[in-house]
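Participant: Model the structure of this input:
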Amino acid sequence: MSANVAVRGLVKRFGTTTAVDGVDFDVQAGHFFTLLGPSGCGKTTTLRMIAGLEKPDAGEIRVGDRVVSAPGRRVFVPPERRGMGMVFQSYAVWPHMTVFQNVAFPLVERKVKKGEIRERVAATLEQVGLGHLADRPAPALSGGQQQRVALARALVANPEVLLLDEPLSNLDARLREQMRAEIHGMQRRLGITTIFVTHDQLEAMTLSDRVAVMRDGRIEQIGTPRDLYERPASQYVMDFIGNVNHVPAKISLAGGTMRARVDGGEVALPPTDGWSDGDDAVLAFRSEAVSLARAGDTAHLRGTVTAATYLGGAVEYVVRVGNSDVRFRGAPSDVLALGSMVALSVNVPDVSAWHARESGKR
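Facilitator: Next up, the predicted model:
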């Protein structure tokens, strides 16, 4: 049975460094929740505190109706009593054991009866597609098979919560894609509450019900993958979720209109509070918001084609607009010669304008 998880005001310090600084989030029972961010942002430390492998300095962690950690009240439930399973980045598969013995280990430690161990291990190995390899020595397994063993070992005790710490990072690209699909299917099938840590935005977007983007020990934004992609709360979030074009601009306010003038054109924007005439800005927009200007279109930007990469179903172009590179994808039938001048149309609703002082906060 799955449980909801609530984290409130979580803080962790290592000496004078604050690794996690007041983190709050909720995970609904049965949902897939991801902590996304670069190395050093505090996501793994947060996961380890939820698991009970690190003691927080402040805050509270609740699983279902149980408080498992609250230093202010001297509450700390040890890892083995939290009802959680965890898969580490390194898998931690023991080389001196067979697949069966690796998966059975948590049950052996809990002194579960041998008959029940055999049944539960066999059932769990079938769930992860390793039923036929129960007697194989661990060193004889591929990377993907070792990951499945680690996953089976985390699931065999029927945890309320599954914790995954970058479990795909050691796999090659093809196997990573396959295992991503398998984890997604398994989590949906079992309906187990899952908290996943990754630096890979594609993994976060394809697997998650909700994502928390972390930065410097804090949460920058929480939302569905669509929320984060279409309505980023900051330039940092926008940059982290997908590839983004950045073009410096200067804001012009006149007659109730707001325009962003760039070296190579201008973009009319909806009037927004917080801007003054002459402010320096950065326009941010994704490549899919850009297209070649056709007859009747407004040409927002003009520049020179500096690169073209054939991708099969499309060609990715780089256009030099002023001192900025703008990337977009065109149809293979649109053959743009290097060095040619082009006019680009930008879908205005997809453009975000940030104050230039926010630029570079990454």
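Participant: three-state assignment of Trp187?
Facilitator: One correction, residue 187 is Gln, not Trp. Per DSSP: H, G, I helix; E, B strand; the rest coil, the secondary structure class of Gln187 is helix.
Participant: can you pull the pLDDT of it?
Facilitator: The model reports Gln187 with a pLDDT of 91.
Participant: From Leu125, how far out is Val77?
Facilitator: 29 Å (CB to CB, to the nearest Å). All C-beta atoms are positioned from the backbone trio N, CA, C, and that covers glycine.
Participant: got it, and Pro159?
Facilitator: 16 Å.
Participant: which residues of the protein score low on pLDDT?
Facilitator: Applying pLDDT under 70 to the chain picks out residues 1, 296, 357-362.
Participant: The helix or strand harbouring Thr306: how far from the chain's middle?
Facilitator: Per DSSP states H and E, Thr306 falls inside strand 301-310. The chain centroid and the centroid of strand 301-310 are separated by 30 Å under CA atoms, centre = their mean, to the nearest Å.
Participant: With stretch 53-66 instead?
Facilitator: 23 Å.
Participant: what's the first-to-last distance across that stretch?
Facilitator: One end of stretch 53-66 to the other measures 18 Å (CA to CA, to the nearest Å).
Participant: who touches it?
Facilitator: Applying CB atoms under 8 Å, 6 or more residues apart in numbering, the contact partners of stretch 53-66 are 3-13, 20, 22-23, 45, 48-50, 67-72, 76-77, 79, 82-84, 160-161.
Participant: Okay, and the beta partners of the nearest residue to Ala233 once chain neighbours are set aside?
Facilitator: Here the nearest residue to Ala233 in space, its sequence neighbours aside, is Gln221; by CB to CB, 6 or more residues apart in numbering that works out to 4.3 Å. Legend: beta-bridge partners of Gln221 under DSSP bridges are Val213.
Participant: give the contact list for Gln221.
Facilitator: Applying CB under 8 Å, 6+ apart, the residues contacting Gln221 are 212-213, 228, 232-234, 237.
Participant: Next: Gly339.
Facilitator: Counted by CB under 8 Å, 6+ apart, Gly339 has contacts 304-306.
Participant: now, among those, which is nearest to Gly217?
Facilitator: Thr306 (38.7 Å; CB to CB).
Participant: Give me the number of neighbouring residues for the closest one.
Facilitator: 13 (other CB atoms under 10 Å).
Participant: Also Val87?
Facilitator: 25.
Participant: about what we covered before: please flag which of the contacts of Gln221 sit within strands.
Facilitator: In strands, judged by DSSP state E, the following of the contacts of Gln221 are found: 212-213.
Participant: Can you add distance to Gly143 and give the contacts of Gln221 back as CSV?
Facilitator: Below are those laid out as CSV (distance: CB to CB, whole Å):
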residue, distance to Gly143
Ala212, 28
Val213, 28
Leu228, 30
Pro232, 34
Ala233, 36
Ser234, 36
Val237, 32
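Participant: Can you flag the buried ones in the contacts of Gln221?
Facilitator: 212-213, 228, 232, 234, 237 (16 or more other CB atoms under 10 Å).
Participant: quick one: which of those is nearest Ile195?
Facilitator: So of the buried ones among the contacts of Gln221, ranked by how close each gets to Ile195 (CB to CB), first place is Ala212, at 9.7 Å.
Participant: do you know how far that closest one is from Gly9?
Facilitator: Following CB to CB, the distance that separates Ala212 from Gly9 is 15 Å.
Participant: do Glu203 as well
Facilitator: Taken as CB to CB, the span from Glu203 to Gly9 is 28 Å.
Participant: More neighbours: which of these two?
Facilitator: Glu203 (24 against 14).
Participant: which residue packs closest to Ala6, ignoring adjacent ones?
Facilitator: Arg62 (4.3 Å).
Participant: Can you tell me the element the one you found falls in?
Facilitator: Counting by DSSP H and E, Arg62 is part of strand 58-63.
Participant: Mind exporting the C-alpha coordinates of that strand to PDB?
Facilitator: Provided in PDB are the C-alpha atoms of strand 58-63 (Å, rounded to 0.1, in the frame of the first residue of the first chain):
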ATOM      1  CA  ALA A  58      15.400  21.200  11.100                       C
ATOM      2  CA  GLY A  59      12.000  20.500   9.500                       C
ATOM      3  CA  GLU A  60       9.700  17.600   9.500                       C
ATOM      4  CA  ILE A  61       9.100  14.500   7.200                       C
ATOM      5  CA  ARG A  62       5.800  12.700   7.400                       C
ATOM      6  CA  VAL A  63       4.900   9.400   5.700                       C
END
